[in-house]
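[1] Sequence first, predicted model second:
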Amino acid sequence: MTHLQEGDKAPAFSGKDANGNKVSLTDYKGQRVVLYFYPQDNTPTCTVQACNLRDNFALLRKEGLTIIGISPDDEKSHKKFETKFSLPFPLLADPDHKIIDKYGVWGEKQLYGRKYLGLHRTTFLIDEKGVIRKIFLKPKSKQHAEEVVRGWASI
């Protein structure tokens, strides 16, 4: 779905987290970033994915990885989701799709034969220099942290 490719410079962005703080990709310069886009807070698959990252957060940090989640939900929704599931990483609100569009993860989807527009669950592994090193177009929500660690190991 995304127009971006491995080896491309990650598009710069800034957005607000669940507490209303401004977060930019440049804040993480020199760090390895796991930027994951997910469709909606408090939905079954998105919750499984977020909780898998939460449950493996120590492993991810040990590997030197920083996690950032982005969805079209607003800050209030993110705050409830973050609190309910004790998520230890920032969730950025992007209701206007400014970041989502830069990363090309919004588009046509199909469910039960019905076509509609929505966010395609996608994860980008961004290196210390801001280069996209790996893209997961259909991450495995139940094993996403393990998938991410294997992805970095293969780079």
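    Right, received. Where do you want to start? Residues are numbered from 1 along each chain as shown.
[2] make it CA atoms for all contacts and neighbour counts henceforth
    OK.
[3] Next one: the closest residue to Arg133 other than its chain neighbours from Ile67, what distance?
    Nearest-residue entry for Arg133: Glu6, 5.1 Å, with adjacent residues in sequence omitted and distances by C-alpha to C-alpha, 6 or more residues apart in numbering. In this structure, Glu6 and Ile67 are 18 Å apart, going by C-alpha to C-alpha, to the nearest Å.
[4] repeat for Lys9
    In this structure, Lys9 lies at 18 Å from Ile67, with C-alpha to C-alpha as the measure.
[5] Looking at these two, which one has more neighbours?
    Legend: neighbour count by other C-alpha atoms under 10 Å for Lys9 and Ile67, higher for Ile67 (19 against 15).
[6] Quick one: residues contacting the more buried one.
    With contacts defined as C-alpha atoms under 8 Å, 6 or more residues apart in numbering, Ile67 is in contact with Val33, Val34, Leu35, Tyr36, Phe89, Pro90.
[7] If we use 6 Å, what do you get?
    Under the criterion of C-alpha atoms under 6 Å, 6 or more residues apart in numbering, the contact list for Ile67 reads Val33, Val34, Phe89.
[8] which element is it on?
    Element membership of Ile67 [criterion: DSSP states H and E] is strand 65-71.
[9] buried stuff in the helix or strand just after that strand?
    Note on strand 65-71: by DSSP H and E, the next helix or strand toward the C-terminus is helix 75-84. Of the residues in helix 75-84, those with enough neighbours to count as buried (16 or more other C-alpha atoms under 10 Å) are Glu75, Ser77, His78, Lys79, Phe81, Glu82.
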